[in-house]
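K.L.:
build me a model from this:
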Amino acid sequence: MILFRYLTREVLLTMSAVAGILLLVIMGSRFIRYFADAAEGDIPVTILGSLMVLHLPGFMELILPLSFFLGILLAYGQLYMNSEITVMVACGMSPTRLLRVTLLPASVVAILVGVCSLWLTPAGALQTEATLEEQRSRLDVSILAPGRFQDFGGGRTAYIRDFSSDGRQMQEVLIHEQAQPNAESTHNYVTRAGSGHQETRIETGSRFLVLENGERYGVTPGRQEAERLTFERYTLRLGLSRDRQELDSLEYATTQALWNDPEPRAQAQFQWRTSLPLMVFILALLAQPLSRVNPRQGRFAKLLPAIFLYVAYLSLLLAAVDAIGNGSLPILIGVWPVHALFLGLGCLLLWRSQRKGMR
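P.N.:
Alright, predicted model coming up:
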């Protein structure tokens, strides 16, 4: 039991460090993309945090198998370097027993990956896409940034000098409205107001931009005449608040729905989701013999070949999923030959390690 706790702690600590680094890199890259969209005015800054949280299960289902694989390589490699496994062998620890010890934390990681891939990731992807779709469909002045000309839908371009301290009142508003092709009016309108704010009618769900103390000009390209309107209060309708629409992509479908759908694309998505937890056990089987290094080589000696092996595994798995979706690979065959190939490779490596001994 003491040996089990020691080995499990070493593997999980190393896995956590690797997963933290990978998660930081991936989330940082995605955050930069969303922050650029927010800077352009496509999405409000206030939803960035929720978007990153919704993406977290999708990141974890890919990071955890790789980080557990590398965690075993690095942790056991360090034990070989310190000759600790030599002592374990002298005490009767065989590769088969070491594998049984390794499969226990692998079960915990596989459960976490399964929860993410089968339930949390589809739900998070659906909520993320629905949030972005809602923001794209809304004509909301909340996405506007002061001091910039920004498009906020409907052929409208707005400029706001600043917001009030509570963020509700706009100061020095300028709005340009482009004439639409099928509209009755051919005027391009330019509206300037000293202040403005947004209102929503609860009974109808309509949203309005209320401008105060300004002027409105209507100009038709090619004509010298122009219309001028001075107002104390002018209301501009933005649009209707829409309910969230359910998305039909298989990426957002529940696992139960994919299981009941006989279409090849649905079955390909289902087999991909179920493959990720299975990968954890096969990678654990591959990592144990690959972690065996000579103390003179260093524990990073087999790290690069192991990464190439993982990339080959993942690439063949993705190719099989694409082949199933395209109908070129039967559903009954599916991705299972890929798992069987690497499972056989892991058993072969473990058998060779058993024959040579753990010197």
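K.L.:
pLDDT value on the closest residue in space to Leu22 that isn't next to it in sequence, please?
P.N.:
Computed as CB to CB, 6 or more residues apart in numbering, the closest residue to Leu22 that is not its neighbour in sequence is Ile63, at 4.9 Å. All C-beta atoms are positioned from the backbone trio N, CA, C, and that covers glycine. Ile63 carries a pLDDT score of 95 in this model.
K.L.:
against Ile307, how distant is Ile63?
P.N.:
14 Å (CB to CB, to the nearest Å).
K.L.:
neighbour count winner among the two?
P.N.:
Ile63 (23 against 14; other CB atoms under 10 Å).
K.L.:
the more buried one and Ile32, how far apart?
P.N.:
Where Ile32 is concerned, Ile63 sits at a distance of 18 Å (CB to CB).
K.L.:
hey, where'd the strands end up in the chain?
P.N.:
149-151, 156-163, 170-177, 188-200, 206-219, 226-240 (DSSP state E).
K.L.:
got any ranges where the stretch 1-150 of the chain has weak pLDDT?
P.N.:
1, 40-42, 86, 89-90, 92, 94-95, 133-143 (pLDDT under 70).
K.L.:
and if you look at the stretch 251-359 of the chain?
P.N.:
295-301, 355-359.
K.L.:
need the contact list for Val335.
P.N.:
For Val335, the contacting residues are 271-272, 275, 317, 320-321, 324, by CB atoms under 8 Å, 6 or more residues apart in numbering.
K.L.:
how much space separates it from Thr220?
P.N.:
From Val335 to Thr220 the distance is 62 Å (CB to CB).
K.L.:
how far away is the residue lying closest to Ile47 once chain neighbours are set aside from Pro57?
P.N.:
Leaving out its chain neighbours, the residue that sits closest to Ile47 by CB to CB, 6+ apart is Thr131, at 6.3 Å. Per CB to CB, Thr131 is found 15 Å from Pro57.
K.L.:
neighbour-wise, which of these two wins?
P.N.:
Pro57 (20 against 16).
K.L.:
show me where the stretch 51-200 of the chain has helices.
P.N.:
84-90, 95-115, 121-137 (DSSP state H, counting those that start in this stretch).
K.L.:
in terms of secondary structure, what does the second one contact?
P.N.:
With contacts taken as 3 or more CB pairs under 8 Å, 6 or more residues apart in numbering; DSSP states H and E, helix 95-115 sits against helix 2-40, helix 48-81, helix 264-290, helix 336-356.
K.L.:
which residues touch it?
P.N.:
With CB under 8 Å, 6+ apart, helix 95-115 has contacts from 3-4, 7-8, 11-12, 15, 60-61, 64-65, 68, 72, 85, 88, 276-281, 284-285, 287-289, 350, 353-354, 358.
K.L.:
Val280 touches Leu66, doesn't it?
P.N.:
No. Between Val280 and Leu66 there is no contact under CB atoms under 8 Å: 10.0 Å.
K.L.:
please say which of those two ends up with more neighbours.
P.N.:
Val280 (24 against 19).
K.L.:
for the closest residue to that one other than its chain neighbours, give its distance to Gly49.
P.N.:
Using CB to CB, 6+ apart and skipping residues adjacent in sequence, the residue nearest Val280 is Ala110, 4.1 Å away. Counting by CB to CB, the separation of Ala110 from Gly49 is 29 Å.
K.L.:
more neighbours, those two?
P.N.:
More neighbours surround Ala110 than the other of Ala110 and Gly49, with 21 against 11 (other CB under 10 Å).
K.L.:
show me the contacts for the residue nearest to Leu349 when sequence neighbours are not counted.
P.N.:
In this structure, Leu349 finds its nearest non-sequential neighbour in Pro289, 3.9 Å apart by CB to CB, 6+ apart. Residues in contact with Pro289 (CB under 8 Å, 6+ apart) are 95, 346, 349-350, 352-353.
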